[in-house]
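**Student:** here are the coordinates; sequence isn't available:
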């Protein structure tokens, strides 16, 4: 039997604020609305689910939600133009050979937009 996919579920306090970030700003397609959970499809495979009945669990930067893109700069400008706070401009990380930046979603989770070099 083959695996069909992956969903990572995280807690959220507000599904609407969460939708503004993931659906409206980042453009992730809403895959399924289960009332207390909304699941978004991540292009390239996998899903992110956010549920009001789950506790938000985070410490420092963890967990990190990394979304891969060939156009990191586009997403940086999109987030800034939409008023989202971004830690710093995109940069190359020599250690991991990536180009990336970090922001926070409405629940305080760290979101990384990244390109492998």
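**Tutor:** Sure thing, it's come through. Owing to the predicted nature of the structure, the values given are computational and were not obtained by experimental measurement. Numbering: from 1, shown residues only.
**Student:** Is there a neighbour count for residue 31? I'd like the number.
**Tutor:** Neighbour count for residue 31, taken as other CB atoms under 10 Å: 15. (Each C-beta comes from the backbone N, C-alpha and C, glycine too.)
**Student:** go on, residue 88?
**Tutor:** If you count neighbours by other CB under 10 Å, residue 88 ends up with 8.
**Student:** can you tell me which helix or strand the residue lying closest to it once chain neighbours are set aside belongs to?
**Tutor:** Distances taken as CB to CB, 6 or more residues apart in numbering put residue 101 closest to residue 88, at 6.5 Å, once the chain neighbours are dropped. Element membership of residue 101 [criterion: DSSP states H and E] is strand 98-104.
**Student:** before we move on, what about residue 113?
**Tutor:** Using DSSP H and E, residue 113 sits within strand 110-116.
**Student:** Now that strand: average pLDDT?
**Tutor:** Model confidence over strand 110-116, given as mean pLDDT, is 96.
**Student:** For that strand, what is the distance to the chain centroid?
**Tutor:** Relative to its chain's centre, strand 110-116 lies at 8 Å (CA atoms, centre = their mean, to the nearest Å).
**Student:** okay, now residue 116: neighbour count?
**Tutor:** 10.
**Student:** close enough to count as contact, it and residue 68?
**Tutor:** Yes. Under the criterion of CB atoms under 8 Å, residue 116 makes contact with residue 68 at 7.3 Å.
**Student:** thinking again about what came up before, ok, residues contacting the strand holding residue 101?
**Tutor:** 61, 64, 72, 76, 79, 84-93, 110-117 (CB atoms under 8 Å, 6 or more residues apart in numbering).
**Student:** what about burial for these, which qualify?
**Tutor:** By neighbour count, with 16 or more other CB atoms under 10 Å, the contacts of strand 98-104 hold 72, 76, 79, 84, 86, 90, 110-115 as buried.
**Student:** Check which residues of the lengthiest helix in the chain are buried.
**Tutor:** The longest helix of the chain (DSSP state H) is helix 72-81. Residues of helix 72-81 classed as buried: 72, 75-76, 79 (neighbour count, 16+ other CB under 10 Å).
**Student:** quick one: average confidence on the strand holding residue 101?
**Tutor:** 96.
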